[in-house]
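Engineer: below is the structure, and that's it, no one-letter string:
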């Protein structure tokens, strides 16, 4: 079973969602029946692909972070390119960019897991 973690940022970026994504990815890759990769945004505004501990981390180029949302249209195109490699898409929310990517990419063949971490509290006007 191939799983893709989809979220805003990933380790070594710090934060609650980043920590959960890291822990889930590391544990799932310990099982022979599963392999788990990550698609997220890059904090240094460049596209990067790396392999670590036998899994892939794809960081898409961000145009900046506004209202705690990384603006990365490249995430949509990368998800569209790789979606058929995965059986499950595990989305970490709230993340408006991940929502947009899921709406614009055909995910009808994949199971989608939505992992809700927190309500919007800092940008309450936008919520």
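Structural biologist: Nice, I can see it. Note that the coordinates shown come from a computational prediction; the quantities given were computed from them, not determined experimentally.
Engineer: all the helices of the protein, residue numbers only.
Structural biologist: Counting by DSSP state H, one finds helices in the chain at the ranges 16-28, 74-82, 96-104.
Engineer: pLDDT score for the spatially closest residue to residue 114 that is not a sequence neighbour?
Structural biologist: Of all residues not flanking residue 114 in the chain, residue 91 sits nearest, at 5.4 Å (C-beta to C-beta, 6 or more residues apart in numbering). No exception for glycine: its C-beta is placed from N, CA and C like everyone else's. Listed pLDDT for residue 91 reads 95.
Engineer: direction included, what does the lowest-mean-pLDDT helix or strand in the chain pair up with?
Structural biologist: When the helices and strands of the chain are scored by mean pLDDT, DSSP states H and E, strand 69-70 comes last with a mean of 79. In the sheet, strand 69-70 lines up against strand 65-66 (antiparallel) (DSSP bridges).
Engineer: what about the strands in the chain?
Structural biologist: Assigned by DSSP state E, the strands in the chain fall at 2-6, 35-41, 48-52, 55-60, 65-66, 69-70, 88-93, 111-116.
Engineer: I'd like those as a markdown table, with distance to residue 105 and mean neighbour count appended.
Structural biologist: Below are those laid out as a markdown table (distance: least, C-beta to C-beta, whole Å; neighbours: other C-beta atoms under 10 Å):
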| stretch | distance to residue 105 | mean neighbour count |
| --- | --- | --- |
| strand 2-6 | 10 | 22 |
| strand 35-41 | 11 | 24 |
| strand 48-52 | 18 | 11 |
| strand 55-60 | 13 | 20 |
| strand 65-66 | 22 | 12 |
| strand 69-70 | 17 | 22 |
| strand 88-93 | 9 | 20 |
| strand 111-116 | 11 | 12 |
